[in-house]
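[1] Have a look at this prediction, sequence included:
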Amino acid sequence: MKGNEIRLPVLCLIFLTADLKNWSLSPDDAPDSADAGNGGFMPFGLAGVLRGAATCFYGFIGFDCIAATGEEVRRPHKAIPVAILGSLFVVCLSYLAVSAVITLMWPYYGLKVSTDTH
């Protein structure tokens with residue numbers, strides 16, 4: 001966990017200096033070459049949210065290791081659901097925080113949305 005003590009303050013500082021206008025941009029604010037969607041908070045609607053959720057879904061993979069170690073706890077019927085829900089909460093909160101900071105730092109139409117590694 002080394003390094004988290006640096007990441008959290010940096011994330012907080014960036015969030016405090018972010019530009020809230022980035023969440024209320026109109027399509028006219030974007031350059032002509034950018035796909036601006038409808039502008040506003042969710043410029044690509046529910047379909048865009050689902051595409052983003054499908055992209056970051058792999059961050060939630062790995063919770064099966066919690067169930068696999070269930071035989072090592074005293075009350076697995078209670079500890080496993082609490083561990084899985086706690087992990088999901090932390091990961092979801094982390095994704096939301098990083099997404100908020102990124103979209104407040106930089107206009108959405110300027111972000112690279114391709115997942116290509118080439």
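    Yes, it's here.

[2] Off-centre distance for stretch 23-33?
    Relative to the mean C-alpha coordinate of its chain, stretch 23-33 is positioned 22 Å out (C-alpha atoms, centre = their mean, to the nearest Å).

[3] same deal with stretch 8-28?
    The chain centroid and the centroid of stretch 8-28 are separated by 14 Å, computed with C-alpha atoms, centre = their mean.

[4] Contacts for it next, please.
    Stretch 8-28 is contacted from outside by 36-41, 43, 97-98, 100-101, 103-109, using C-beta atoms under 8 Å, 6 or more residues apart in numbering. C-beta: built from backbone N, CA, C; applies to glycine.

[5] ok, now with 6 Å
    Contact with stretch 8-28 is made by Ala36, Gly39, Phe41, Val101, Leu104, Met105, Pro107, as judged by C-beta atoms under 6 Å, 6 or more residues apart in numbering.

[6] And for the fifth one, nearest residue in space, chain neighbours not counted?
    When you say that, I think you mean Leu104. Nearest non-adjacent residue to Leu104, counting by C-beta to C-beta, 6 or more residues apart in numbering: Ala18, 3.2 Å away.

[7] in which helix or strand would I find that neighbour?
    Using DSSP states H and E, no element contains Ala18; it sits outside every helix and strand.
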